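# heads up, no residue letters with this:
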């Protein structure tokens, strides 16, 4: 082996052994920030094994370079960072082919304060309610406080005010305020419950009539003001505010009780003024529980108290999601599931490589599905967040690259089919209905066709046939689905079709279509449907009243023995000859269902058939008539009827 080969092998071994990592330090992942780009410091550290010192590190925000540093430490962005969810990382190199990139983090940039609207102060029975709405473009939960007449400390606070939803600071005793004009100021902070980010304030004036509080004939009582009764709280500390209402001006002693145990005491509470027990620790409480808090004040030898409930929730929702592979696709299909006992909302965002929002889906409930369609090749950022009623949140972000491989043809497609035979026993008569579904999907249109085939014998003459189907969320919202034929009725995700009849051997179809791509797996979600029908039973026309009574009796018995469709439930719902068959995934149908029919059904000409001895006589008569006609024409042909 020559020297050059030895050197090459040595360099290969060194390259194999060498490794380097970049570790991101701050800002923390999924944190909020309202600073300008020149104020934000992105810090990181670099470690290597055999690579030597780094020569350059680059800050990347949403996939684009935005600042550099020749050494490890921190980078100040060189350009503006747009508001919204941003994805950032740091790439470092030592000047050779060795380069490593840190795992990405998300940063929510919000420099726009919330807006306060519909601020009102209304008084009823000497109690004032201050109502308002707070709106923010990014925060779903805001922290708001009420200040009365310019006080430096808040009279009431609520750290879980929902975005664009009316909130109320209530139960303010007007007798504790001076007569005349009073100012009520509401201040709200955004940041989604993570702290005070941007703030906005608005003031409303309310006039209180009557003499000053010291001259009023007030009822002695303890008025609790904050936290509001049954409100949510998600932190380890809380402030409890109240007012001791009295004609007296002498200080009194008041104590705070939490779940029946004394927690704090203030022996110099001024009557008719708001007092607070500040920064009370709640760390000893379970993360999810209800706290009963009580304030008791003593004036002379008499005690006065009042209590309220505070709902504690410090646990963020759990969040999982699935999304399709973007290879050879022009869409990103996402299903997000959140679990929380007080779940409020799930939001799904998709951003392009420049940080602009493509679309989003917002809704309540433990699961949300959304299909971002019509996407071009490129880099995207998917962000999914779940919020509970207490303002706790959980977010995940993922970078996705749409890559349409050269040489692929046509848009994405999907297809699937399922079938199931429903065997029904009615008085020993089997009536089988085949339910077959076929899904055909494309990037712009997906269709599910359901074919119902009566595979029963001639005795299974099903009339008044109604098919009720449940459209699963995996296919789409029923309000966006087109039906063919049009449903007879529709409620929520259910649609009913009156198909009139389903005769033996007959097949009928219903179809649902939606203007988006639906994956083949969605067909398996069609698991709940209902068949409702009437089994046509008839008899020969009656000759007299006596035979009518006999044959009506026979018909009623026949209908009772040959019930239409047996219900899969234990009781078997029967109303006249009408049966409801509930079909669901994994259901089995009884081979023999015994239920009694209520009342008798009239026998109509449309369902009359020959039966019993009368049927035999009718057939013989028809045969004799055919023979007579045959003999007549034969004799005429031979000339035997000449002259007639």
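Received the coordinates, thanks. None of these values were measured; they are calculated from a predicted model.

# From the opening residue of stretch 151-169 to its closing one, how far?
16 Å (Cα to Cα, to the nearest Å).

# pLDDT of that stretch, averaged?
Here stretch 151-169 scores 89 as its mean pLDDT.

# and if you look at stretch 488-501?
Averaged across stretch 488-501, pLDDT comes to 92.

# Give the buried residues for that stretch.
In terms of neighbour count (16 or more other Cβ atoms under 10 Å), stretch 488-501 has its buried residues at 490, 493, 494, 495, 497, 499. Any C-beta I mention is one placed from the backbone N, CA and C, and that applies to glycine too.

# Tell me which residues touch the last one, please.
Each residue near residue 499 by Cβ atoms under 8 Å, 6 or more residues apart in numbering is listed here: 452, 465, 466, 467, 508, 510.

# That one and residue 525, how far apart?
Here residue 499 is placed at a distance of 23 Å from residue 525 (Cβ to Cβ, to the nearest Å).

# which residues are in contact with stretch 447-458?
Contacts for stretch 447-458 (Cβ under 8 Å, 6+ apart): 421, 429-441, 460, 462, 467, 469, 475, 499, 502-513, 523, 526, 531.

# So which residues of the stretch 51-200 of the chain form helices?
Counting by DSSP state H, counting those that start in this stretch, the stretch 51-200 of the chain has no helices to list.

# In it, where is pLDDT below threshold?
For the stretch 51-200 of the chain, the stretches with pLDDT under 70 are 51-52, 96-102, 193-196.

# cool, the stretch 501-644 of the chain as well?
Using pLDDT under 70, the stretch 501-644 of the chain drops low at 537-621, 634-644.

# count of neighbours near the residue nearest to residue 199 when sequence neighbours are not counted?
For residue 199, ignoring the flanking residues on the chain, the nearest one in space by Cβ to Cβ, 6 or more residues apart in numbering is residue 189 at 4.7 Å. Residue 189: 23 surrounding residues under other Cβ atoms under 10 Å.

# Mind listing the residues bridging to residue 189?
Note on residue 189: beta-bridge partners by DSSP bridges are residue 143, residue 199.

# Could you check how far it is from residue 110?
Distance from residue 189 to residue 110, by Cβ to Cβ: 11 Å.

# For these two, list the residues in contact with both.
Residues touching both residue 189 and residue 110 by Cβ under 8 Å, 6+ apart: 197, 198.

# now the contacts of residue 499 in TSV, with neighbour count and distance to residue 251?
Below are those laid out as TSV (neighbours: other Cβ atoms under 10 Å; distance: Cβ to Cβ, whole Å):
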residue	neighbour count	distance to residue 251
452	22	81
465	21	82
466	18	76
467	23	76
508	18	84
510	19	77
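
# closest to residue 370 among those?
Taking Cβ to Cβ as the measure, residue 510 is the one of those closest to residue 370, at 26.2 Å.

# Check which residues of stretch 63-80 are buried.
Within stretch 63-80, the residues that count as buried by 16+ other Cβ under 10 Å are 63, 66, 67, 69, 72, 74, 75, 77.

# Just the strands from the stretch 301-450 of the chain, written as ranges.
Remark: strands assigned in the stretch 301-450 of the chain by DSSP state E, counting those that start in this stretch are 302-313, 318-323, 332-339, 343-352, 357-363, 367-372, 378-388, 393-402, 413-426, 429-442, 446-454.

# now the spatially closest residue to residue 348 that is not a sequence neighbour: how far from residue 202?
Using Cβ to Cβ, 6+ apart and skipping the chain neighbours, the partner closest in space to residue 348 is residue 361 (4.5 Å). Distance of residue 361 to residue 202, given as Cβ to Cβ: 32 Å.

# do residue 54 as well
51 Å.

# what do you get for residue 356?
As for residue 356, its distance to residue 202 is 31 Å (criterion: Cβ to Cβ).

# where are the low-confidence patches of the stretch 301-450 of the chain?
For the stretch 301-450 of the chain, the stretches flagged by pLDDT under 70 are 325-328, 405-412, 423-430.

# redo that, cut-off 80
323-329, 403-417, 419, 421-431, 443 (pLDDT under 80).

# quick one on the thing from earlier: can you flag which of the buried residues of stretch 488-501 belong to strands?
490, 494, 495, 497, 499 (DSSP state E).

# Residue 229: what secondary structure?
The three-state label given to residue 229 by DSSP: H, G, I helix; E, B strand; the rest coil is coil.

# The closest residue in space to it that isn't next to it in sequence: neighbour count?
Excluding its sequence neighbours, the residue lying closest to residue 229 (Cβ to Cβ, 6+ apart) is residue 308, at 4.5 Å. Neighbours of residue 308 under the rule other Cβ under 10 Å: 20.

# which residues touch residue 308?
So residue 308 contacts 224, 227, 228, 229, 292, 293, 294 (Cβ under 8 Å, 6+ apart).

# what's the distance between it and residue 87?
For residue 308, the distance to residue 87 equals 43 Å [Cβ to Cβ].

# go on, residue 133?
Using Cβ to Cβ, residue 133 is found at 32 Å from residue 87.

# now swap in residue 150 and tell me
Distance from residue 150 to residue 87, by Cβ to Cβ: 43 Å.

# Surely residue 331 touches residue 373?
Yes - judged on Cβ atoms under 8 Å, residue 331 makes contact with residue 373 at a distance of 4.5 Å.

# Between those two, which contacts overlap?
443, 517.

# Who has more neighbours out of residue 133 and residue 87?
More crowded of residue 133 and residue 87, by other Cβ under 10 Å: residue 87, with 22 against 18.

# Specify the beta-bridge partners of the more buried one.
With DSSP bridges as the rule, residue 87 is bridged to residue 106.

# from here on, count from 47
Sure, I'll start counting at 47 from here, so that last one is residue 133.
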